[in-house]
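Student: A predicted structure for the sequence below; I have some questions about it.
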Protein chains: 2
Amino acid sequence: MGENIGAAARAMLNFGLTDLRIVAPRDGWPNDVAGRMAAGAFDVITPKLYQTLPGALADCHYVFATTTRERGVVKPVFTGRGAGIEALTRTQQGQKIAFLFGRERTGLENDEIGLSHAIVTIPVNPEFYSLNLGQAVLLLSYEWLMAQDETPDKFLPTAASMPAEHEKLTIFLERLEADLEAGGFFKTLEQKPTMQRNIRALFTRADLTEQELRTLHGMIKALKNVQ
Amino acid sequence: MGENIGAAARAMLNFGLTDLRIVAPRDGWPNDVAGRMAAGAFDVITPKLYQTLPGALADCHYVFATTTRERGVVKPVFTGRGAGIEALTRTQQGQKIAFLFGRERTGLENDEIGLSHAIVTIPVNPEFYSLNLGQAVLLLSYEWLMAQDETPDKFLPTAASMPAEHEKLTIFLERLEADLEAGGFFKTLEQKPTMQRNIRALFTRADLTEQELRTLHGMIKALKNVQ
């Protein structure tokens, strides 16, 4: 289906893949619907057209077949994540890797899977499985990029967001506590250490930047002006 | 857009998520286009409708805002993978987690991001970024399931695909080598140990099952019949 070819191209390019090969497309090629679905991906990707699957795979060293069902063949089965890592390792060794996707409704035939070295199956909700071809290409292309990506799982975005040096935090906390003391915040001497610890935990946990500490100093000043 | 709501529902349910909340939908609700895009997901998912974002988030303990751009705000930024793991950890502590998605073209406004605890940005090809709303929901729903999924990255699919016990492999290799010896395969006595080692590597690496060993025994027998 043209839609699927366009969606596949768009999904691939989002994650840096450009070598798209089409085997005997049902609706012929080129295809207007594919172009509309590709959101400009065909400016970069020029699909290669093949009449047979062995022809399309001729120069590939390792082939992953994507399938949703067990096929009763003895082949390693990878998750999408595992396949991304395996593909990257093999690529780094100079191998050319193919991911093979089947038809919209019926997927790959057993003989087509027979041409592949391994199977990829994306874990899904067993009670509702409705990934289409474009979505499967998206998830595997994503895993290909993620296998290489070095973005930390969690980070603070800019240099300006660096936490303040500890001394500046300490000065802020001491001033705050002095003002709170003066304002009668610490009811009893027994409670004071715990309350102090809780306040320190709150402001330390927040990874405050220098700018934010200045803002807090200003806020305290303003609050002290309120009658 | 109706399409996006339907695609989001379908993407969510594929990975076991069902709590879909819609804030002030442009095309109203219910929506025929959404229904067609959902591929049956609305049989399970009943979206809840809200007029304001704070209303939709009221009972949530932690909110991730999805965005493609740096917003210059000091908030932790997660990858999709990191967000999936963080969401799972918090859910296991009894927290209710929201993933917030913006409009098709313009995404989330800064004030909407201001309501969230953290930002999620999916790593993509910096030269071609064209993930639509449905695709972003798909990738984050996928990471939610992957954070919980225990499928090994690589495995052999069935009990029948267990490698044969080592003794059966040894018997096969010894018979094969005896037949090869008789057939004049080992040209010289010097080459024999290396050739033998290479053959053993090939058949051992293949994780042969008992059934496959029987097949190989039969193949050798048949080849010995050829005149």
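Tutor: Received it, and whenever you're ready, just let me know what you need. All values reported here derive from a predicted model rather than from experimental measurement.
Student: Other residues contacting the helix or strand bottoming out on mean pLDDT in chain A?
Tutor: In chain A, no helix or strand scores lower on mean pLDDT, DSSP states H and E than strand A:154-155, which sits at a mean of 88. By Cβ atoms under 8 Å, 6 or more residues apart in numbering or on different chains, the list of residues contacting strand A:154-155 from outside reads B:Pro76, B:Val77, B:Phe78, B:Thr79, B:Gly82, B:Glu86. Quick note: C-beta positions are derived from backbone N, CA and C, even for glycine.
Student: Out of those residues, list just those in helices.
Tutor: In helices, judged by DSSP state H, the following of these are found: B:Gly82, B:Glu86.
Student: ok so, going back, list the neighbouring strands of the least confident helix or strand of chain A plus their orientation.
Tutor: In the sheet, strand A:154-155 lines up against strand B:77-78 (antiparallel) (DSSP bridges).
Student: Break down chain A into its strands, ranges please.
Tutor: Ranges of strands within chain A are A:21-23, A:48-50, A:62-66, A:77-78, A:97-100, A:118-120, A:154-155, based on DSSP state E.
Student: Summarise which helices and strands the longest one is packed against.
Tutor: In this structure, strand A:62-66 packs against helix A:80-92, strand A:97-100, strand A:118-120, with contacts taken as 3 or more Cβ pairs under 8 Å, 6 or more residues apart in numbering or on different chains; DSSP states H and E.
Student: How far away from the center of its chain is it?
Tutor: 22 Å (Cα atoms, centre = their mean, to the nearest Å).
Student: The helices and strands packed on strand A:62-66: which one's closest to chain B?
Tutor: Proximity to chain B (Cβ to the nearest Cβ) singles out helix A:80-92 among the helices and strands packed on strand A:62-66, at 3.0 Å.
Student: Any idea how far that closest one is from the middle of the chain?
Tutor: Relative to the centre of its chain, helix A:80-92 is centred 15 Å away, using Cα atoms, centre = their mean.
Student: Same question for stretch A:6-15.
Tutor: Offset of stretch A:6-15 from its chain centre (Cα atoms, centre = their mean): 15 Å.
Student: that older thread, A:Phe172: which of the helices and strands packed on strand A:62-66 is closest?
Tutor: Minimum separation from A:Phe172 across the helices and strands packed on strand A:62-66 (Cβ to Cβ) falls at helix A:80-92, 43.7 Å.
Student: The closest one: which residues count as buried?
Tutor: Neighbour counts over helix A:80-92 (16 or more other Cβ atoms under 10 Å in any protein chain shown) mark A:Gly80, A:Arg81, A:Gly82, A:Ala83, A:Gly84, A:Ile85, A:Glu86, A:Ala87, A:Leu88, A:Thr91 as buried.
Student: Next, format these as JSON lines and append pLDDT.
Tutor: Shown next, in JSON lines, are the buried residues of helix A:80-92 (pLDDT from 0 to 100):
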{"residue": "A:Gly80", "pLDDT": "97"}
{"residue": "A:Arg81", "pLDDT": "97"}
{"residue": "A:Gly82", "pLDDT": "97"}
{"residue": "A:Ala83", "pLDDT": "97"}
{"residue": "A:Gly84", "pLDDT": "97"}
{"residue": "A:Ile85", "pLDDT": "97"}
{"residue": "A:Glu86", "pLDDT": "97"}
{"residue": "A:Ala87", "pLDDT": "97"}
{"residue": "A:Leu88", "pLDDT": "97"}
{"residue": "A:Thr91", "pLDDT": "96"}
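Student: ok, which of those residues also contact chain B?
Tutor: A:Arg81, A:Gly82, A:Ile85, A:Glu86 (Cβ under 8 Å from any Cβ of the partner chain).
Student: neighbours of A:Leu115, just the number please.
Tutor: For A:Leu115, the number of neighbouring residues by other Cβ atoms under 10 Å in any protein chain shown comes to 16.
Student: And for A:Ile220?
Tutor: 14.
Student: wait, it sits on A:Leu176?
Tutor: Yes - using Cβ atoms under 8 Å, A:Ile220 makes contact with A:Leu176 at a distance of 6.4 Å.
Student: quick one: low-confidence parts of chain A?
Tutor: For chain A, residues meeting the criterion pLDDT under 70 lie at A:70-72, A:159-160.
Student: can you give me the helices in it?
Tutor: Under the criterion DSSP H, helices of chain A are mapped to A:2-14, A:32-37, A:53-57, A:80-92, A:110-113, A:133-148, A:166-182, A:191-205, A:210-225.
Student: hmm, the last one in reach of chain B?
Tutor: This means helix A:210-225. Yes - contact of helix A:210-225 with chain B (Cβ under 8 Å from any Cβ) involves A:Glu212.
Student: And that helix, what's buried?
Tutor: A:Glu212, A:Leu213, A:Leu216.
Student: Counting by contacts, list what it packs against.
Tutor: helix A:166-182.
Student: Show me what the helix it packs on is in contact with.
Tutor: Helix A:166-182 is contacted by residues A:163, A:186, A:196, A:199-200, A:203-204, A:208, A:210, A:213, A:216-217, A:220, A:224 when judged by Cβ under 8 Å, 6+ apart.
Student: can you list those in a markdown table and add distance to A:Val33?
Tutor: Listed next are the contacts of helix A:166-182 as a markdown table, based on distance: Cβ to Cβ, whole Å:
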| residue | distance to A:Val33 |
| --- | --- |
| A:Pro163 | 52 |
| A:Phe186 | 71 |
| A:Gln196 | 67 |
| A:Ile199 | 62 |
| A:Arg200 | 62 |
| A:Phe203 | 57 |
| A:Thr204 | 57 |
| A:Leu208 | 53 |
| A:Glu210 | 54 |
| A:Leu213 | 57 |
| A:Leu216 | 57 |
| A:His217 | 61 |
| A:Ile220 | 62 |
| A:Lys224 | 67 |
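Student: Quick check: A:Val120 vs A:Tyr62, distance?
Tutor: 12 Å (Cβ to Cβ, to the nearest Å).
Student: about what we covered before: let me know which of the strands of chain A is tucked in deepest.
Tutor: Among the strands of chain A, strand A:77-78 has the highest mean neighbour count (mean count of other Cβ atoms under 10 Å in any protein chain shown), at a mean of 24.
Student: CA atoms only for stretch A:209-225, dumped as PDB, please.
Tutor: Provided in PDB are the C-alpha atoms of stretch A:209-225 (Å, rounded to 0.1, in the frame of the first residue of the first chain):
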ATOM      1  CA  THR A 209      20.200  27.400  40.400                       C
ATOM      2  CA  GLU A 210      22.000  30.700  41.200                       C
ATOM      3  CA  GLN A 211      19.200  32.600  39.500                       C
ATOM      4  CA  GLU A 212      16.500  30.800  41.500                       C
ATOM      5  CA  LEU A 213      18.400  31.500  44.700                       C
ATOM      6  CA  ARG A 214      18.400  35.200  43.800                       C
ATOM      7  CA  THR A 215      14.700  35.000  43.100                       C
ATOM      8  CA  LEU A 216      14.100  33.400  46.500                       C
ATOM      9  CA  HIS A 217      16.100  36.100  48.300                       C
ATOM     10  CA  GLY A 218      13.900  38.600  46.600                       C
ATOM     11  CA  MET A 219      10.700  36.800  47.500                       C
ATOM     12  CA  ILE A 220      11.700  36.700  51.200                       C
ATOM     13  CA  LYS A 221      12.400  40.400  51.100                       C
ATOM     14  CA  ALA A 222       9.000  41.100  49.600                       C
ATOM     15  CA  LEU A 223       7.200  39.000  52.100                       C
ATOM     16  CA  LYS A 224       8.900  40.800  54.900                       C
ATOM     17  CA  ASN A 225       7.500  44.100  53.500                       C
END
